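**Q** sequence isn't available, so here's the structure alone:
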């Protein structure tokens with residue numbers, strides 16, 4: 001009897017094991033820690049998977065904004081039947097690190113990231129009949145904005161001189177910069193200004209003296225070309241007479257005579273009596 005029950009028990013046990021065996025399963029692996037990428041850079045969202053069936057393989061990447069449920073996710077791209085189909089607002093910036101993604105690598109590349117790219121990304125692998133797991137991996141991405149700052153110092157004094165150091169720290173690490181400030185004595189600046197003003201004054205006076213001396217020299221060299229009052233030259237021709245009219249002087253009487261045809265008279269410098 002015992003010999004008959006032993007084969008039955010073994011068969012029942014094998015049947016139970018076969019019924020509880022789930023068969024092949026899809027396993028998706030993503031980073032456990034959140035990712036951070038500076039704005040404008042390229043983000044690589046690593047996703048790998050393992051499965052035993054490839055004929056009906058389907059890969060989907062989708063995105064959900066922070067604070068919203070996964071059910072409200074929006075598709076980024078699909079891969080099915082050997083073709084890649086980017087979709088949605090990120091379609092022009094989204095691609096796969098390995099295309100086609102049939103060798104266990106489904107990493108997503110997102111170029112020129114924006115602050116609006118911050119959120120949760122879903123890597124979903126579906127490969128029937130491997131239904132043991134949901135084949136889903138979640139990656140949280142944070143896009144870091146560029147932030148600038150400044151230090152304003154007022155009422156500077158000599159004690160303000162020195163080296164100032166700025167340190168910035170975030171998820172990506174830390175960075176620092178240094179700036180040396182030198183504050184001079186204000187009294188030295190006033191002295192320098194007075195010296196410069198005095199030098200400019202001396203230069204102005206020198207230019208003025210040079211111009212005055214030059215003007216005096218030019219005036220002395222200039223010949224006298226005008227005659228004052230009503231002085232007349234003795235050899236000058238009276239107005240109205242031509243150059244051919246001759247004037248005769250009587251040296252004995254000291255009078256001036258003109259030819260009968262002359263209609264005008266001449267006079268001497270000493271205002272002598274005129275003969276008509």
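**A** Arrived safely. Remember, predicted model here, so these are calculated numbers, not experimental data.

**Q** any low-confidence regions in the stretch 101-250 of the chain?
**A** In the predicted model of the stretch 101-250 of the chain, residues 131-132, 171-172, 185-195, 222-250 satisfy pLDDT under 70.

**Q** in it, which spans are strands?
**A** Ranges of strands within the stretch 101-250 of the chain are 108-110, 119-126, 136-144, 162-170, 173-181, 248-250, based on DSSP state E, counting those that start in this stretch.

**Q** ok, which of those comes nearest residue 59?
**A** Evaluated over these, closeness to residue 59 peaks at strand 119-126, with 5.7 Å, by C-beta to C-beta. C-beta here means a position set from N, CA and C on the backbone, and glycine is covered the same way.

**Q** list the neighbouring strands of that closest one plus their orientation.
**A** Strand 119-126 pairs in its sheet with strand 58-64 (antiparallel), strand 136-144 (antiparallel), by DSSP bridges.

**Q** how about that strand: buried residues?
**A** Buried residues in strand 119-126, defined by neighbour count with 16 or more other C-beta atoms under 10 Å: 119, 120, 121, 122, 123, 124, 125, 126.

**Q** neighbours of residue 128, how many?
**A** 11 (other C-beta atoms under 10 Å).

**Q** nearest spatial neighbour of it, skipping sequence neighbours?
**A** Distances taken as C-beta to C-beta, 6 or more residues apart in numbering put residue 56 closest to residue 128, at 5.0 Å, once the chain neighbours are dropped.

**Q** residues near that neighbour, how many?
**A** Neighbourhood size, residue 56 [other C-beta under 10 Å]: 12.

**Q** where's it relative to residue 26, distance?
**A** According to C-beta to C-beta, to the nearest Å, residue 56 stands 11 Å off from residue 26.

**Q** between the two, which contacts overlap?
**A** Listed as contacting both residue 56 and residue 26 by C-beta atoms under 8 Å, 6 or more residues apart in numbering are residue 127.

**Q** for the stretch 101-250 of the chain, which segments are assigned as helices?
**A** 186-221 (DSSP state H, counting those that start in this stretch).

**Q** from residue 99, how far off is residue 77?
**A** Remark: distance between residue 77 and residue 99 (C-beta to C-beta) = 10 Å.

**Q** ok, residue 49 next?
**A** Distance, residue 49 to residue 99, using C-beta to C-beta: 15 Å.
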